[in-house]
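*Asks:* Based on what follows, work out the 3D shape:
(chains A and B)
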Amino acid sequence: MNKKTLGIVTNDPEAVFQKAVIAGARLIAAQYQYSIQIAQCIGDLPDANGLLIIANVARNDEIRAAHDSGIPISLVAHRVPGTSIPAVFSNNYQGITTLVAHLVTGCKRRKLVFIRGIAEQVDAQEREFAFRQALMRHGLTAPTAHYLPGDFSMETAADSMKNLLASGADFDGVVSADHIMAIAAKNVLQNAGYRIPEDVSIVGYGDGPESELAELTVAAANIVDMGRRAARQILSQMAGTVIRGETILSTKLIIRQTCGYPKELIPHV
Amino acid sequence: MRHIKATHSQIKRENRQLLLRTIYAGFANSRADLANETGLAKPTVSDLVAELIAEGYLVERGLGQSTDEGGKRPRLLHFVPDARQVIGISINPEEVIGVLVNLNGEIIVEHRCPIHGRQGQEAITAVIEAVNGLLAQLTAPLLCIGVGVDGTVDIHAGTVRYAAHMGWQDVPLHLILRAQFGVPVYVANNTELAAMAMFAFGEAQGALSVATITVDTGIGVGFLLEGGLVHHGAVIDNVIVDGQPLEVALDWNAIAARCQPFFAEDASPHLPINRPTYLHIRAAAQNGHPEAQAIIDDLGKALGPVVAWVSALIRPQYVVITGPIADLGDLLVRAILRVAMTITSPESLSSVRLMLESAPNLPALGAAAQSIQEELGLVS
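*Replies:* Presented below is the predicted three-dimensional model:
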């Protein structure tokens, strides 16, 4: 009997986010005895019985064409307008809303900076939208200069933070669209002599061993579970079920040391 | 004979629910305690507990204290919240919002599916495809499905009597979905399910009476009375208040158009998601923008009379304004109360706690809660 194949399309299988998604998908594939093939292009997976496409690795017209050909597809952290291709997201709005509420009400920060993700990615757009909404919820504003380019890259985030410091900007909190960029910002601030969290609080979206090591407070999104959920979604389609819409996973606030929340108030798990 | 059989089955079902509810609420944790607490005969308790253990709802874990007379220490019984999973969905003209929860109402995943413009059978198909999205994520047997609809619903028949935006009239949604998914399905109005969610999982947990007023894609009012045993909801889009139908006074498109002067100041051109929200109105009003304050005053004029009438007639412990409009916060509460106090006596309002809740998944959570209540009796 031919073993069925789940194809995963990603630009970088070793990047933190993609690696975690693939790990989750592998768990479900193994459970249901599917093999996995990974490629950078949809065209490189001609034998796949279904495609799991991570973020904006492929052009929307390519994804539409593959969908029209009848192959089951699930998207992770991406949507293709005008189609009914199902997707899996973490709850960007909830995560950022929780982080801002924690910084403002829990840690008494009011002058916030936001580090953006890649402008074209849905996750980055939703997180910035959520940040702007959360500021209004708390009666705050942030000047344009407080929105820093980050591109989900440590280098870009670090450069942006250096530029912000050079400009003499006045801020007391940083919300980052992902935890990796938050760690980069923390390093820059500490190297410049800032005390974290006494002078500046830092929080980020997402989680991983790096965040734990950096004592970073996060809205943790379980990325391995996203991979598992996406694989379940695609296996169900491969079995003939029609799925429409987006499956959304909740985030969880994990309070560590970088936010400045009083230690005695941190709930013990 | 048929009648007697049905009665036996019903009694057994009620006894099972009673035992499960007693353990779930923490009133008993052994067979002997269950018999004492419920008044059921010990053999009956023993048989039903054996059934509930076999079905995975209960587990035996640990030993309790023996009685004063001595004897064997009882084996302790524990409720298993992950024994089954439940789907709750709410259908509005824009989208289907679904939750997959365990028996404690803890969300495992959510699912959202746009259905804008779909009507009739096309809308039913979209609902089925949205539920499929949640079925794919099941990690325990599915107990039941709860469904909320923006419309008039006969909850006993499970039929949508009228849902204008969906083009549904006398649609037996419960039969259609039961045939599709093979589990019990319970259908109700979205606004009463929002009340159920506040009662089961929200700040009004355990209240005797909750009223909800929803302002979203439609306007509805829902009630939950007698600790969850009675609930009802209705669409009030066409009710005339302050000289115009509520659907006109509370129409988001008209409100959004009035936001343009101050929204343009805040717009983020680089961001594809770039639309006014109630939070823009709130922020602008807090910054002293007169048009923003005028919008909130007008919303108060529309909702104040509804809150006044609901409070005076039902005297609920809680009145909850739900939907995105709740993001206006205290500014909206003050605008509503200013008007409500001119219509009804302060006494009518003083015993009511007016709350706001903007969570979009509220009716879906309520749908899950209602179906858990129907199947296992765990909520009321």
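
*Asks:* helix, strand or coil for the nearest residue to B:Phe181 once chain neighbours are set aside?
*Replies:* With sequence-adjacent residues excluded and distances taken as Cβ to Cβ, 6 or more residues apart in numbering or on different chains, B:Phe181 is closest to B:Ile145, at 6.3 Å. Where C-beta positions appear, they are placed from N, C-alpha and C, glycine not excepted. Counting by DSSP: H, G, I helix; E, B strand; the rest coil, the backbone at B:Ile145 sits in strand.

*Asks:* just checking, B:Ile145 touches B:Gln180?
*Replies:* No - counting by Cβ atoms under 8 Å, B:Ile145 sits too far from B:Gln180 to count as a contact (9.6 Å).

*Asks:* Compare neighbour counts for the two and give me the winner.
*Replies:* Between B:Ile145 and B:Gln180, B:Ile145 has the larger neighbour count (other Cβ atoms under 10 Å in any protein chain shown), namely 26 against 15.

*Asks:* Beta-bridge partners for that one, please?
*Replies:* For B:Ile145, the beta-bridge partners are B:Ile87, B:Val185 (DSSP bridges).

*Asks:* what about it, distance to B:Leu378?
*Replies:* With distances taken as Cβ to Cβ, to the nearest Å, B:Ile145 is found 16 Å from B:Leu378.

*Asks:* cool, B:Leu134 as well?
*Replies:* Per Cβ to Cβ, B:Leu134 is found 20 Å from B:Leu378.

*Asks:* can you list residues touching both of B:Ile145 and B:Gln180?
*Replies:* Both B:Ile145 and B:Gln180 are in contact with B:Val131, where contact means Cβ atoms under 8 Å, 6 or more residues apart in numbering or on different chains.

*Asks:* And the helix or strand harbouring B:Ala292, how far out from the chain middle?
*Replies:* Using DSSP states H and E, B:Ala292 sits in helix B:290-314. Distance, stretch centre to chain centre, for helix B:290-314: 23 Å (Cα atoms, centre = their mean, to the nearest Å).

*Asks:* cool, stretch B:322-339 as well?
*Replies:* That offset, for stretch B:322-339, works out to 20 Å (Cα atoms, centre = their mean).

*Asks:* Check stretch B:45-53 too.
*Replies:* Distance of stretch B:45-53 from its chain centroid, counting by Cα atoms, centre = their mean, is 31 Å.

*Asks:* Show me what counts as buried in it.
*Replies:* Within stretch B:45-53, the residues that count as buried by 16 or more other Cβ atoms under 10 Å in any protein chain shown are B:Val45, B:Leu48, B:Val49, B:Leu52.

*Asks:* Look up how far chain B lies from A:Leu265.
*Replies:* Noted for A:Leu265: a distance of 21 Å to chain B, by Cβ to the nearest Cβ, to the nearest Å.

*Asks:* neighbours around the residue nearest to that residue when sequence neighbours are not counted, how many?
*Replies:* Of all residues not flanking A:Leu265 in the chain, A:Gly106 sits nearest, at 7.9 Å (Cβ to Cβ, 6+ apart). By other Cβ under 10 Å, 18 other residues sit near A:Gly106.

*Asks:* Pull the contacting residues for A:Gly106.
*Replies:* With contacts defined as Cβ under 8 Å, 6+ apart, A:Gly106 is in contact with A:Cys259, A:Tyr261, A:Leu265.

*Asks:* Check B:Ala368 too.
*Replies:* B:Val86, B:Ile87, B:Gly88, B:Val99, B:Val101, B:Gly105, B:Gly146.

*Asks:* Now do the second one: how many residues are near it, please.
*Replies:* Number of residues near B:Ile87 (other Cβ under 10 Å) recorded here: 30.

*Asks:* Model confidence for it, exactly?
*Replies:* Note on B:Ile87: pLDDT of 98.

*Asks:* what's the answer for the last one, then?
*Replies:* You'll see B:Gly146 listed with a pLDDT of 97.

*Asks:* and what of the fifth one?
*Replies:* At B:Val101 the predicted local confidence, pLDDT, stands at 97.

*Asks:* who touches it in this structure?
*Replies:* By Cβ under 8 Å, 6+ apart, the residues touching B:Val101 are B:Gln85, B:Val86, B:Ile87, B:Gly88, B:Ile107, B:Ile108, B:Leu365, B:Ala368.

*Asks:* ok, the third one touching B:Gln137?
*Replies:* Going back to what we said before, that points to B:Ile87. No - in this structure, B:Ile87 is not within contact of B:Gln137 by Cβ under 8 Å, at 9.7 Å.

*Asks:* What's the separation between the one residue in the stretch 151-269 of chain A that gets nearest to chain B and A:Lys263?
*Replies:* Closest contact between the stretch 151-269 of chain A and chain B, by Cβ to the nearest Cβ, is at A:Gly245 (2.8 Å). A:Gly245 sits 42 Å away from A:Lys263, going by Cβ to Cβ.

*Asks:* Where does the nearest residue to A:Ser176 once chain neighbours are set aside fall, secondary structure wise?
*Replies:* Distances taken as Cβ to Cβ, 6+ apart place A:Ala182 nearest to A:Ser176, at 3.6 Å, with adjacent residues excluded. Using DSSP H and E, A:Ala182 falls within helix A:179-191.

*Asks:* by how many degrees do the next helix or strand after that helix and helix A:179-191 diverge?
*Replies:* Toward the C-terminus, helix A:179-191 is succeeded by strand A:201-205 as the next helix or strand (DSSP H and E). Put simply, strand A:201-205 runs at 160 degrees to helix A:179-191, going by axes from the mean of the first three to the mean of the last three Cα atoms, to 10 degrees.

*Asks:* Pull out the buried residues from strand A:201-205.
*Replies:* Under the neighbour-count criterion of 16+ other Cβ under 10 Å, strand A:201-205 has A:Ser201, A:Ile202, A:Val203, A:Gly204, A:Tyr205 buried.

*Asks:* ok, which stretches of chain B are helices?
*Replies:* B:2-24, B:31-38, B:42-54, B:120-135, B:173-181, B:190-200, B:246-249, B:252-266, B:278-286, B:290-314, B:330-340, B:346-350, B:362-376 (DSSP state H).
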